[in-house]
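> Generate coordinates for the sequence data below:
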Amino acid sequence: MPGGYRAFDRADASARVAEAELAPPGSEIRLVEWSDPGNPAGERGLIAPVHVHWEDDETWYVLEGALHVLLDDRVVGLDPGGAATAVRGVRHTYWNPSADPCRYLIATTPRVMDLIATLHDGSGRDPADVFRSHASELLGWQLPSPLTVVHPGAAPA
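Model prediction:
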């Protein structure tokens, strides 16, 4: 997660999402801009392990570059302006399929943002326990196979 967040501005109910989570205290949604520098050609570096949120939804919206999002047994290929949502109970992960950088928004719940913060807080807690304590399940770093990438808005084959 990017550091240096500034506080949400209650006066105008706004923030630059690259600088802060866009939500006031008590809100049930978080919107954060993240980026990935890209992967060498031919490599697939998952940004997160394969996992399930049992009580929370998570959405990605691509600003620049590309993302691939696993939703159960299919992969959705997203270009700028594309979005995908993993509703609660859906196995998911995501990655940048390119050597080029990408920028994207994640919209999710405070519980998922706390899960991510706890995984990166340096406490050394067992990741599976962290997922369980946030109504989620860690499934590992292995993608199911075979995988087919679908692109929203593409003509049917």
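> Now do residue 8, the pLDDT please.
Looking at residue 8, its pLDDT stands at 42.
> do residue 42 as well
Per-residue confidence (pLDDT) for residue 42: 65.
> How about residue 27?
80.
> where along the protein do the strands fall?
Applying DSSP state E to the chain gives strands spanning 30-36, 50-53, 58-64, 67-71, 74-78, 83-86, 92-95, 102-108, 136-140, 149-150.
> Now residue 151. Nearest residue, chain neighbours left out?
With sequence-adjacent residues excluded and distances taken as Cβ to Cβ, 6 or more residues apart in numbering, residue 151 is closest to residue 77, at 4.6 Å. Where C-beta positions appear, they are placed from N, C-alpha and C, glycine not excepted.
> rewinding a little: and the strands of the chain as CSV, adding mean neighbour count and mean pLDDT?
Listed next are the strands of the chain as CSV, based on neighbours: other Cβ atoms under 10 Å; pLDDT from 0 to 100:
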stretch, mean neighbour count, mean pLDDT
strand 30-36, 18, 90
strand 50-53, 20, 97
strand 58-64, 18, 95
strand 67-71, 22, 95
strand 74-78, 19, 94
strand 83-86, 19, 95
strand 92-95, 22, 96
strand 102-108, 20, 94
strand 136-140, 16, 97
strand 149-150, 12, 86
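> Output those as CSV; include the columns distance to residue 120.
Formatted as CSV, the strands of the chain follow (distance: least, Cβ to Cβ, whole Å):
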stretch, distance to residue 120
strand 30-36, 12
strand 50-53, 15
strand 58-64, 17
strand 67-71, 20
strand 74-78, 24
strand 83-86, 20
strand 92-95, 16
strand 102-108, 14
strand 136-140, 14
strand 149-150, 28
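> between the ones you listed, which gets nearest to residue 118?
strand 136-140 (11.0 Å; Cβ to Cβ).
> Which residues does the closest one contact?
Outside strand 136-140, the residues that touch it by Cβ atoms under 8 Å, 6 or more residues apart in numbering are 49-54, 56, 91, 112, 115, 127-128, 130-131.
> now with 6 Å?
49, 50, 51, 52, 53, 127, 128, 131 (Cβ atoms under 6 Å, 6 or more residues apart in numbering).
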